[in-house]
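Colleague: one predicted model, sequence on top.
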Amino acid sequence: MQYEIEVGERVKREIKKGRQVFSVNWIKKIEAEPGELVKLKYNNNFLAWGIINPKDQYHYIRIFSYNEDVDIHNDIKEKIKKAKEYREKTINYKNHYRLIYSESDFLSGLIIDKYNDIFVIQNSNAFFDKNINIIKDALIDVYGKDITIYEKSIGKQRERSYLKPIERFIYGNKYETEIEEVNKKFYINILKGQKTGWFLDQRENRKIVNQLYGDRILDVFSYSGSFGIIINGEEKYFIEKSKESISMLYKNLKLNNIENYNVINGNAYRILKQFYLEKRKFDIIILDPPDLLAENYEKGIRSFILINSIALDLIDEGYLITFSCSQDLNERKFYSLIRTLIRRKNKKFEILYKFNQALDHKVIFPHKELSYLKGFLIEIKK
Ligand SMILES: C[S@@+](CC[C@H](N)C(=O)[O-])C[C@H]1O[C@@H](n2cnc3c(N)ncnc32)[C@H](O)[C@@H]1O
């Protein structure tokens, strides 16, 4: 069945501006199976192909193509080729990178991360659920046959789109590999790892912190230890609650011949409070928590203030590297919270650097929501 929807002037303007996602408030609601293609028309003229999901009120229509005679396989293949060229040629990311970042690569709802020859798909678009083999074939066309493709379509975004969680090998069966960043090696396990296996979004930030040195370094919410390993220092502390992440952290410490370390498997809030009672001090503290605001904004802000506040108490003179990956906490609010906290503690500070998400996580107009990661390198003085 061929679906068609006539849209209004406002939607036409937004489509022309580049908007790729429309909620039910924008476009007439029709009955259709999630993931069907819909011809969007204005004054009976073709505007774009959209993908419909009547169950998902926020992503009711996702724009797929402006070409009326679109060949789906070829379209996806060309988008992957273009995305690869940007990563490998323009920004010079070689073996591992985010290949597809949703609207940024004009494949709304689709994420594909690459770790050498392993590709991990995270999808929340019903159309790609139905046409996963087209994505598989397009990846093979662009990267060759010697690859593995794993799908890890799980999490909140999927739930919100009323799509069932999917975790499976689509092609090949390799699940571990090793990557290198700033001359350090890291073990990747796409089955045990969080997200698609590695926090690719912190790549540029890891290059920056590699310039720092501290005698005592504390990496809080460390996952598999990237920051603590990359920052130069004498003694390194890691705090992480997930046992699986800790097992990868031990592998990474070994891979990089780091011997003077303390790994603490537990709740960061409790452990930092304990350190405070013990009057411990550090030269550099990294706070890279999960999205604290995802469940509840007010509660999340309280957790954010609490963890930053205790971390500040553990630094006399030194550096705090503090991140937020919450879309709902913008940079200005983040800065204002931190500034208030430091002033209350009667400490002086300088913001030395503002962190951002890596260049493969492009943010394109008008999709500002693609921007989420932010952070500060703060020098704390007496
Ligand atoms: C954003 S990730 C950190 C990524 C890491 N900095 C990196 O670049 O690889 C957040 C980590 O915090 C851990 N985590 C979440 N809540 C925690 C808690 N209360 N205490 C300790 N770790 C926690 C998660 O398991 C996850 O590994």
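Modeller: Sure, I can see it. Values in this document were obtained by computation on a predicted structure and should not be read as measured data.

Colleague: who does the helix or strand Tyr150 falls within pair with, and is each partner parallel or antiparallel?
Modeller: Using DSSP states H and E, Tyr150 maps to strand 148-153. When pairing is defined by DSSP bridges, strand 148-153 lines up against strand 118-123 (parallel), strand 166-171 (antiparallel).

Colleague: need the winner for burial among those strands.
Modeller: Of all the strands paired with strand 148-153, strand 118-123 carries the top mean neighbour count, a mean of 24, counting by mean count of other C-beta atoms under 10 Å. All C-beta spots, glycine's among them, are computed from the backbone N, C-alpha and C.

Colleague: count of neighbours near Phe199?
Modeller: Neighbourhood size, Phe199 [other C-beta atoms under 10 Å]: 21.

Colleague: I meant to write Gly155 there.
Modeller: Neighbour tally, Gly155, other C-beta under 10 Å: 12.

Colleague: and it, how far is that from Lys195?
Modeller: 9 Å (C-beta to C-beta, to the nearest Å).

Colleague: between these two, which contacts overlap?
Modeller: The overlap between the contact sets of Gly155 and Lys195 (C-beta atoms under 8 Å, 6 or more residues apart in numbering) consists of Gln122.

Colleague: what sits against Lys28?
Modeller: Contact analysis of Lys28 by C-beta under 8 Å, 6+ apart lists Ile5, Glu6, Val7.

Colleague: ok, it to Glu88 distance?
Modeller: According to C-beta to C-beta, Lys28 stands 42 Å off from Glu88.

Colleague: return the residues in contact with Asp201.
Modeller: Arg98, Cys325, Gln357, Ala358, His361, Leu373.

Colleague: change it to 10 Å
Modeller: Counting by C-beta atoms under 10 Å, 6 or more residues apart in numbering, Asp201 touches Arg98, Tyr101, Lys195, Phe323, Cys325, Asn356, Gln357, Ala358, Asp360, His361, Tyr372, Leu373.

Colleague: can you tell me the closest non-neighbouring residue to it?
Modeller: Excluding the flanking residues, the one nearest Asp201 by C-beta to C-beta, 6 or more residues apart in numbering is Gln357, at 4.5 Å.

Colleague: what does Glu4 give?
Modeller: Lys39 (4.5 Å).

Colleague: am I right that that neighbour sits in a strand?
Modeller: Yes - Lys39: assigned to a strand according to DSSP: H, G, I helix; E, B strand; the rest coil.

Colleague: tally of neighbours for it?
Modeller: Lys39: 15 neighbours (other C-beta under 10 Å).

Colleague: touching, it and Ile5? I think so.
Modeller: Yes - here Lys39 reaches Ile5: they are 7.5 Å apart, a contact under C-beta atoms under 10 Å.

Colleague: give the contact list for Glu151.
Modeller: So Glu151 contacts 112, 119-123, 128-129, 132, 135-136, 166-171 (C-beta under 10 Å, 6+ apart).

Colleague: swap that for His361, sorry
Modeller: His361 touches 97-98, 101-102, 104, 111, 200-204, 370-373, counting by C-beta under 10 Å, 6+ apart.

Colleague: contact residues of the protein facing the ligand?
Modeller: 194, 199, 202, 221-224, 226-227, 239-242, 245, 267-269, 288-290, 325 (C-beta under 6 Å from any ligand atom).

Colleague: need the buried ones from these selected in PyMOL.
Modeller: Selection of the buried residues among those in PyMOL, burial being defined by 16 or more other C-beta atoms under 10 Å:
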select buried, resi 199+202+221+222+223+224+226+227+239+240+241+242+245+268+269+288+289+325
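
Colleague: among the residues of the chain next to the ligand, which ones are in helices?
Modeller: Using DSSP state H, Ser226, Phe227, Ser245, Ala268, Tyr269 are the members of the residues of the chain next to the ligand that sit in helices.

Colleague: which residues in the chain form helices?
Modeller: 9-17, 72-85, 126-130, 132-143, 156-160, 203-209, 226-230, 243-255, 268-277, 297-313, 331-344.

Colleague: by mean pLDDT, show me the worst of these.
Modeller: Lowest mean pLDDT of those: helix 156-160, a mean of 89.

Colleague: who does that one touch, helix- and strand-wise?
Modeller: Other elements packing on helix 156-160 under the criterion 3 or more C-beta pairs under 10 Å, 6 or more residues apart in numbering; DSSP states H and E are strand 118-123.

Colleague: just to revisit the earlier point, redo the ones in helices among the residues of the chain next to the ligand as JSON lines? Include distance to Lys254.
Modeller: Putting these into JSON lines (distance: C-beta to C-beta, whole Å) gives the following:
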{"residue": "Ser226", "distance to Lys254": "15"}
{"residue": "Phe227", "distance to Lys254": "17"}
{"residue": "Ser245", "distance to Lys254": "15"}
{"residue": "Ala268", "distance to Lys254": "23"}
{"residue": "Tyr269", "distance to Lys254": "28"}
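
Colleague: what comes into contact with the lowest-mean-pLDDT helix or strand in the chain?
Modeller: Sorting the helices and strands of the chain by mean pLDDT, DSSP states H and E puts helix 156-160 at the bottom, at a mean of 89. By C-beta under 10 Å, 6+ apart, the residues outside helix 156-160 that reach it are 55-59, 102, 109, 111, 122-125, 129, 163-166, 291, 294-295.

Colleague: which residues does Leu218 contact?
Modeller: With C-beta under 10 Å, 6+ apart, Leu218 has these contacts: 228, 233, 235-239, 262, 264, 271-272, 275, 280-287, 311, 314-315, 318.

Colleague: now Ile100: how far from the ligand?
Modeller: 21 Å (C-beta to the nearest ligand atom, to the nearest Å).
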